[in-house]
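Peer 1: Any chance you can model this:
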Amino acid sequence: MKIKKILVSQPQPTAKSPYYEIAKKHDVEIVFRPMIKVEPLTVKEFRHSKINLSEYTAVIFTARTAVDNFFRLCEESRVTVPDTMRYFCTTEQIALYLQKYIVYRKRKISYGLTGRLDDPQFLAAVQKNHKEKFLMPVSDIMPERMEALAAMNIDLTPAMMYRTVSNDFRPDEKCDYDLMLFFSPVGIHSLLKNVPDFVVDGKQKALIGTFGAPTAHAVKESGLELSIEAPTKDLPSMTSALDDFLTRHNAQVS
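Peer 2: A predicted model of the protein is given here:
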């Protein structure tokens, strides 16, 4: 079966996204449809953690959602983020996104190349500033490779600032994809909740690809078959893994 329609369970990206190049190269339709949505914690909920935002001198960001919720909670808690705050981001894209809240050139910002917490460039920046008191905004699902930071013996506090929940299908929404890509275990749970007949007589309605070990584990734990598992050493991104898979898959069925 040739792949014709692909679901990417993320919000629609910018015009320069590699997904658009892949769609054109392989003549496939790519639909961006998040399977999860974010629910911010209220100030009252966050206060239960007993975390004093004003005590920290550095922040680690792994997603733009984390950036949004950090500055939101600071504002709602009436905490002024000092000009001396250091920022450590897992990608350049997240670092640039900080411009929404701060004057980029006047702040001390570092970022990694791969988006992973064990990225050498990212860890080197953290190590260089190991005496800082780090805060890491997270969801109810902890990021992968936290052990890389734990091994550095830095003063680090993960702070849950938002949660991820299922983004349910509309009553008239169809699941007519040939391949579905997921980035969170919650996305897999959402799929099975919204499409209870996803597996009929042992056959899946679509192939599945995942990014990150926890998401891949959720697929296998649910008894589903996994066709794409990223990242790998040679294929560090979902787009590179997708391009490689489509090249090999379509060559076999043509």
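Peer 1: Which parts of the protein are helices?
Peer 2: Ranges of helices within the chain are 18-26, 43-47, 64-76, 92-97, 120-128, 146-150, 185-194, 213-221, 238-253, based on DSSP state H.
Peer 1: okay if I get these as CSV plus mean pLDDT, distance to Glu55 and mean neighbour count?
Peer 2: Every C-beta, even on glycine, is put in place using the N, C-alpha and C of the backbone. Listed next are these as CSV, based on pLDDT from 0 to 100; distance: least, Cβ to Cβ, whole Å; neighbours: other Cβ atoms under 10 Å:
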stretch, mean pLDDT, distance to Glu55, mean neighbour count
helix 18-26, 96, 40, 15
helix 43-47, 96, 14, 13
helix 64-76, 96, 12, 19
helix 92-97, 89, 23, 16
helix 120-128, 95, 18, 15
helix 146-150, 89, 18, 15
helix 185-194, 90, 31, 20
helix 213-221, 90, 30, 17
helix 238-253, 92, 36, 16
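Peer 1: would you list those helices in a markdown table and tack on distance to Phe134?
Peer 2: Output for those, formatted as a markdown table (distance: least, Cβ to Cβ, whole Å):
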| stretch | distance to Phe134 |
| --- | --- |
| helix 18-26 | 31 |
| helix 43-47 | 18 |
| helix 64-76 | 12 |
| helix 92-97 | 16 |
| helix 120-128 | 8 |
| helix 146-150 | 8 |
| helix 185-194 | 25 |
| helix 213-221 | 22 |
| helix 238-253 | 28 |
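Peer 1: Compare those and report which one is nearest to Thr164.
Peer 2: Of all these, it is helix 185-194 that lies closest to Thr164, at 4.8 Å by Cβ to Cβ.
Peer 1: That closest one relative to helix 213-221, how many degrees between them?
Peer 2: Using axes from the mean of the first three to the mean of the last three Cα atoms, to 10 degrees, the inter-axis angle of helix 185-194 relative to helix 213-221 is 30 degrees.
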